[in-house]
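**Student:** Provide a 3D model corresponding to the input given below.
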Amino acid sequence: MVSKRLMSCVLASSALLALTACGGGQQQQAPQGPPTVGYVVAREAPVTLTTELPGRTTAFETSEVRPQVNGIVLDRLFVEGDVVHKGQALYRIDPAPYQAQVASARAALTRARSSIASSAALARRYGELVKINAIARQEFENAQTSAAQAQADVSAQQAALRSAQIDLARTIIRAPITGRIGRSLFTTGALVSASQANALATIQRIDPVYVDIQESSADLLKLRQQILSGQLTRDGNAKVKLKLEDGSEYGAQGTLRFADVTVDPTTGSQVIRALFPNPNGLLLPGMFVRASLAEGTQAKAILIPQRAVSRDERGDPTVLVIGAGNKIEARSLQSNRTSGDNWIVTGGLKPGDKVIVEGAMMLRPGMPVQGKPWDPNAKPGGAQPQAGQAKTQAK
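**Tutor:** I've put the predicted structure just below:
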């Protein structure tokens, strides 16, 4: 009897504990309110549109050093790779043949000048005699012609002397521009000529330096149309930034100079030229770079963080916004480019819309949410646990 009563008490106690446990579990699964999401408010603001394009560096000035007379190279007067200055002597060609030509031309000029005096005196005497009919007029005219020919011979010999002096001066080959000179292709003792195909050396001025950028002619056409229609405004001195071959940023900014008026028929691109300061010679001709240039400024643009944008089954960009009654709404966007970490939205949103950036995972349109401004500097997971809790509770 005692054992039956004890068993009854144990069963009653177990049932009471089970009911208490069930009640506690139902209390833990009670809903805690709508999930919290982080949002940004869509606002219109001016934005500078930039694009990154490949380019090559080009020397600001390039000059090939060539001989203008024939002869043997006696001396090379520079160090390869150094900076040379305009007018600096670079090579010396054997001057002996040209010194002889100068001496010969000077002697011929002296001879011509000596003959001009006698021819002029004879013409004057014949002039007096022809007045009294002492000589035939033909003889007088011949004397005048001889005097004029003597004067012309002097002028011709003066020109010959000047030409010989120019050739003698050209035996010293000088730098036509200031810049850095490359390797010499000819050494001392080499025979050079004015008509040879190869240059002796090449001088390049690389401060400043040009960067030739390749851009599609279709993109440039679209850009011009946007500027003409007023959608974009453009500064005449637009700045350009460079990324070097190793991915580092070049410290100085460049300035756009012009866009070539000819489209390359093989690539369909145009060359845009920018000018960069290069005081340390870091940029060398022929280097591959990537140029980031400002195409223009869009006066009214809506920027949305890229992380807020997803794609639907057709691949179109969409976002979730907090609509009326704090319920989620889906919006399709119109956007064709980015600016930094943001999409530039041209349609689908209006100023004041609250676009959900964080905490929207597992949420669907029509669900109520509690929004708070999104802090991009907050640690990840600030609003996300709410969505995770909602998922757990749904289970």
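**Student:** from here on, contacts and neighbour counts on C-alpha atoms
**Tutor:** Noted.
**Student:** For residue 186, which residues are in contact?
**Tutor:** residue 200 (CA atoms under 8 Å, 6 or more residues apart in numbering).
**Student:** Same question for residue 62.
**Tutor:** Applying CA under 8 Å, 6+ apart, the residues contacting residue 62 are 202-205.
**Student:** what do you get for residue 316?
**Tutor:** When contacts are counted by CA under 8 Å, 6+ apart, residue 316 touches 332-333.
**Student:** Can you give me the distance of it to residue 37?
**Tutor:** Computed as CA to CA, to the nearest Å, the residue 316 to residue 37 distance reads 23 Å.
**Student:** repeat for residue 305
**Tutor:** From residue 305 over to residue 37 (counting by CA to CA), the distance is 15 Å.
**Student:** can you list the domain ranges for the protein.
**Tutor:** For the chain, automatic domain parsing gives the domain ranges 36-46+301-388, 50-60+211-298, 69-94+171-198, 95-169.
**Student:** For residue 251, the count of nearby residues, please.
**Tutor:** Using other CA atoms under 10 Å, residue 251 has 11 other residues around it.
**Student:** Give me the phi and psi angles of it.
**Tutor:** Per-residue torsions, residue 251: phi -60, psi -40 (degrees, to the nearest 10).
**Student:** same thing with residue 101?
**Tutor:** phi -60, psi -40.
**Student:** Model confidence at it, what's the number?
**Tutor:** With respect to pLDDT, residue 101 scores 95.
**Student:** Distance of it relative to residue 241?
**Tutor:** 57 Å.
**Student:** Provide a list of residues in contact with residue 239.
**Tutor:** Counting by CA under 8 Å, 6+ apart, residue 239 has contacts 253-256, 293-294.
**Student:** Show me which of these is closest to residue 183.
**Tutor:** Distance to residue 183 across the contacts of residue 239 (CA to CA) is lowest for residue 254, with 29.2 Å.
**Student:** distance of that closest one from residue 220?
**Tutor:** Where residue 220 is concerned, residue 254 sits at a distance of 19 Å (CA to CA).
**Student:** Show me the shaky parts of the stretch 51-200 of the chain.
**Tutor:** The model of the stretch 51-200 of the chain has pLDDT under 70 over residues 117, 121, 126, 130.
**Student:** hey, where'd the strands end up in it?
**Tutor:** 71-76, 83-84, 89-93, 172-174, 179-181, 191-192 (DSSP state E, counting those that start in this stretch).
**Student:** Show me what the third one is packed up against.
**Tutor:** Based on contacts counted as 3 or more CA pairs under 8 Å, 6 or more residues apart in numbering; DSSP states H and E, the elements that strand 89-93 packs against are strand 71-76, strand 172-174.
**Student:** With the second one instead?
**Tutor:** Contacts defined by 3+ CA pairs under 8 Å, 6+ apart place strand 83-84 against strand 179-181.
**Student:** residues of the strand it packs on that come out buried?
**Tutor:** Buried residues in strand 179-181, counted by 16 or more other CA atoms under 10 Å: 179-181.
**Student:** One more: stretch 51-66?
**Tutor:** Applying 16+ other CA under 10 Å to stretch 51-66 flags 52, 54-66 as buried.
**Student:** just curious, which of those is nearest to residue 320?
**Tutor:** residue 52 (30.2 Å).
**Student:** Go ahead and confirm that closest one touches residue 290.
**Tutor:** Yes: between residue 52 and residue 290 there is a contact under CA atoms under 8 Å: 6.4 Å.
**Student:** contacting residues for the residue nearest to residue 41 when sequence neighbours are not counted?
**Tutor:** Spatial nearest neighbour of residue 41, chain neighbours left out: residue 354 (4.6 Å); criterion: CA to CA, 6 or more residues apart in numbering. Taking CA under 8 Å, 6+ apart, we find residue 354 in contact with 39-42, 321-323.
**Student:** what separates residue 354 from residue 368, distance-wise?
**Tutor:** Residue 354 is 14 Å from residue 368, where distance means CA to CA.
**Student:** next one: residue 148
**Tutor:** 112 Å.
**Student:** same question, residue 327
**Tutor:** With CA to CA as the criterion, residue 327 and residue 368 are 4 Å apart.
**Student:** Residue 352 now?
**Tutor:** 19 Å.
**Student:** Likewise for residue 58?
**Tutor:** 60 Å.
**Student:** Next, count neighbours for residue 258.
**Tutor:** 11.
**Student:** Good, we can wrap up now.
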